[in-house]
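Enquirer: Quick one, structure for this:
(2 chains)
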Amino acid sequence: MKNPDVTYKAFGKRAILVEWRAEIDENLLNSILDFKKCLQEKNTKVILDVITTYNSLTIFYKSTIENIYNEISTLQSIFKTCVSSNIVKKKLWKIPVCYDLEFGVDLKEVALKNNLDSREIIRRHSTSIYTLYFVGFLPGFLYLGGLDELLHFPRKKTPRLEVKKGSVGIGGSQTGIYPQDSAGGWNIIGNSPIQFFDRKRTAPCFAKPGDKVQFVPIDIHQHAEILNLVAYKRYAIESEVLDA
Amino acid sequence: MLKVVNAGVYATIQDLGRFGYMSVGVPIAGAMDHYAAKLANLVLDNDENDAVLEVTLGGSSFQFLKDTIICLTGADLNATLNDETIQLNHPIKIDKNSVVKFRNSVYGARAYLAVKGGFLNKNVLGSRSFFKEITKKHVLKANDEILYDETQNFNYSQLAGVKVQQDRFLHSTIEVYEGPEYGMLTNVQRKELTTTTFTISKENNRMGYRLEQLVRNNLDGIITSAVMPGTIQLTPSGKLIILMRDCQVTGGYPRILQLTDDAINKMAQKSTGDSFNVEVIPL
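Expert: As a prediction, this is how the structure comes out:
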């Protein structure tokens, strides 16, 4: 794919924001991830961290940027010569989710207002393959794209003060899992017993932007079993390597 | 060990932050006022990134279970050592079992206490800064104990104190740069931002400060993108939020302004009811 147009903006004195067109699109994601990889290969000494989102990449520098124009032109030339590499194998992660009403406290409401049967919501939610765009909001919170249009449902007007760890929610056109207890405004349709963030691992989050995610329905007994295995660190998330 | 006798309003251990994990959603955290935290370490000839105790607004007391040298910087929280007033920004010799108390704010919101060699609580993902679900504790409670190394027979005359200008704490002009979405604002909105005196609402903490005054707003959200400490977001209701050190790594509100590094430190010393004006300076 030809390099799409991007714009560069200073974001304070220690960061530069690079923006692609304001869309959620997998081609943009690939361009953003390629650029991140090139930056990390070529410019690591001055870079503290690189954050990518749906349509942007923010470079955090170790010290104050002395000359923003010089730095931007360095970035532009890295971007221009950056070739897309599909060396990094993408993975498909199979995330177990229990859609039992004990967890899916908003499932009935989403079904009713979207004129679908609860079973149909579950079927559609668990057959789609989602793309992981980035991790943000909370440690291990996956921003997923690809929610079935029939499942879109507005966020709650007033967020709940307590959403349980593992809750699977729908917020507008997005779906995701709360990796820890948190306040939150998404509609909860299920719960996943797995750990989305482990501070004891050098890579605390198993999945990477560009990976795919699918939800696998489990019943409440399987949920309890997996929860137990996770507690003893004996649960491995099922995954398969995807062809580039 | 430092023993928490009374935790007071809010107290945590902080260094200069946790880097390299923002892309898995981990906030930077770290001392709210970097200037004061670094100064406390500097006076003790520590590494500037050594972990220090951050005390918000006082009401707290701590007992030292080993000999050490300390330095107190930042806000004047009417601190005492064994019931005698402590000089700020100077090295102070501490004998085993001494008690330091922080009473109430004379000026500023956050005081920093460094010990010789720094606090040695567990380093998690490259930092000792407290953060929920990252470190075991996210706020200090009574009877907590924090490790540090004993310092004995130290010739502390080789350490010197410093003078800090008080206007750092009283300054009511906050310097900001234009943020990534500043260009979306109308001239009327821009003028409102620089002519309004803003007040910090009671919804303020290490994550962010909500301001009382509203700015007329008809901007929609943006596609979720990166934010950082010092970013000022404009919410659909016209409320402004200044993100502070514990802020999330991404957000969906327009990022209209960005505090300078030093302005974040100055903001860290402000609290509920304090007011200020913003001055937009060129990058």
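
Enquirer: what about stretch A:18-27, start to end distance?
Expert: 16 Å (CA to CA, to the nearest Å).

Enquirer: What residues sit buried inside it?
Expert: Residues A:18-20, A:24-25 are the ones in stretch A:18-27 that count as buried (16 or more other CB atoms under 10 Å in any protein chain shown). For glycine as for every other residue, the C-beta is placed from the backbone atoms N, C-alpha and C.

Enquirer: show me where the chain has helices.
Expert: This is for chain A. Assigned by DSSP state H, the helices in chain A fall at A:26-42, A:68-80, A:107-113, A:118-127, A:220-231.

Enquirer: You answered for a different chain; I wanted chain B.
Expert: Secondary structure of chain B by DSSP H: the helices cover B:34-43, B:167-170, B:187-195, B:261-268.

Enquirer: Mean pLDDT lowest where, among those?
Expert: Of all the helices of chain B, helix B:167-170 carries the lowest average pLDDT, namely a mean of 85.

Enquirer: and it, what does it pack onto?
Expert: Judged by 3 or more CB pairs under 8 Å, 6 or more residues apart in numbering or on different chains; DSSP states H and E, the packing partners of helix B:167-170 are strand B:107-115, helix B:261-268.

Enquirer: highest average neighbour count across these?
Expert: Stretch with highest mean neighbour count among those: strand B:107-115 (a mean of 25; mean count of other CB atoms under 10 Å in any protein chain shown).

Enquirer: quick one: which of the buried residues of stretch A:18-27 sit in strands?
Expert: Among the buried residues of stretch A:18-27, the members found in strands (DSSP state E) are A:18-19.

Enquirer: out of the buried residues of stretch A:18-27, who's nearest B:Val124?
Expert: Nearest to B:Val124, judged by CB to CB, of the buried residues of stretch A:18-27 is A:Val18 at 30.2 Å.

Enquirer: Give the rounded mean pLDDT of the longest strand belonging to chain A.
Expert: If you go by DSSP E, chain A has its longest strand at strand A:90-98. For strand A:90-98, mean pLDDT rounds to 96.

Enquirer: wait, does it contact chain B?
Expert: No - under the criterion of CB under 8 Å from any CB of the partner chain, chain B is not reached by strand A:90-98; the shortest gap measures 14.6 Å.

Enquirer: Give me the neighbour count for the closest residue to chain B within chain A.
Expert: Using CB to the nearest CB, the closest approach of chain A to chain B is made by A:Gly136 at 3.4 Å. Residues contacting A:Gly136 under the criterion other CB atoms under 10 Å in any protein chain shown number 26.

Enquirer: quick one: contacts for it?
Expert: A:51, A:53, A:143, B:25, B:224, B:248-250 (CB atoms under 8 Å, 6 or more residues apart in numbering or on different chains).

Enquirer: Tell me how far it lies from B:Ile146.
Expert: Going from A:Gly136 to B:Ile146 by CB to CB, to the nearest Å gives 31 Å.

Enquirer: Tell me where the stretch 51-200 of chain B has strands.
Expert: Shown for the stretch 51-200 of chain B, the strands assigned by DSSP state E, counting those that start in this stretch span residues B:52-56, B:60-64, B:68-76, B:79-81, B:84-85, B:91-94, B:99-102, B:107-115, B:145-146, B:173-178, B:198-204.

Enquirer: Highest mean neighbour count out of those strands?
Expert: Highest mean neighbour count among the strands of the stretch 51-200 of chain B (mean count of other CB under 10 Å): strand B:52-56, with a mean of 28.

Enquirer: Thank you, goodbye.
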